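S.K.: Quick one, structure for this:
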Amino acid sequence: MGVPAFFRWLSEKYPKVLTPVHEVPPETTASSSGYAAAASACENLYIDMNGVIHPCAHPEDRAAPSSEAEVFEDVMLYVDRLGAA
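M.R.: Numbering: from 1, shown residues only. Okay, here's the model as predicted:
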């Protein structure tokens, strides 16, 4: 369980903690798109795992995973995608 309103408090107190990051299309490499420099400037990445696990366990665009192993696989792929952005 997270801390209620923590994200709002943090982003209002320290507005520079939020940096827009654009996902690199799969056919484009990070080095040619210029996003690698922005991603390498990130020293810390904090992830609200509730916002990752819930959509992986209850996806809106496809059928729900049939096993816990599929949920974990989806979570790992999502976190990998976040790290690559």
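
S.K.: Mind jotting down where the strands sit in the protein?
M.R.: Secondary structure of the chain (DSSP state E): no strands present.

S.K.: And the helices in it?
M.R.: 6-13, 30-33, 35-40, 50-57, 68-84 (DSSP state H).

S.K.: Would you reformat these as TSV and include mean pLDDT?
M.R.: Listed next are the helices of the chain as TSV, based on pLDDT from 0 to 100:
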stretch	mean pLDDT
helix 6-13	90
helix 30-33	48
helix 35-40	49
helix 50-57	91
helix 68-84	90
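
S.K.: Select, out of those, the one closest to P20.
M.R.: Proximity to P20 (Cβ to Cβ) singles out helix 35-40 among those, at 9.0 Å. Yep, even glycine has a C-beta here, placed from its N, CA and C like the rest.

S.K.: For stretch 44-57, which outside residues touch it?
M.R.: Identification of contacts with stretch 44-57 by Cβ atoms under 8 Å, 6 or more residues apart in numbering yields 2, 7, 64-65, 71, 74-75, 78-79, 82-83.

S.K.: Just put the residues you listed in a markdown table and tack on distance to M49 and neighbour count.
M.R.: Shown next, in a markdown table, are the contacts of stretch 44-57 (distance: Cβ to Cβ, whole Å; neighbours: other Cβ atoms under 10 Å):
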| residue | distance to M49 | neighbour count |
| --- | --- | --- |
| G2 | 9 | 10 |
| F7 | 13 | 15 |
| A64 | 18 | 10 |
| P65 | 16 | 16 |
| V71 | 12 | 17 |
| D74 | 13 | 18 |
| V75 | 8 | 16 |
| Y78 | 10 | 17 |
| V79 | 9 | 15 |
| L82 | 11 | 13 |
| G83 | 14 | 11 |
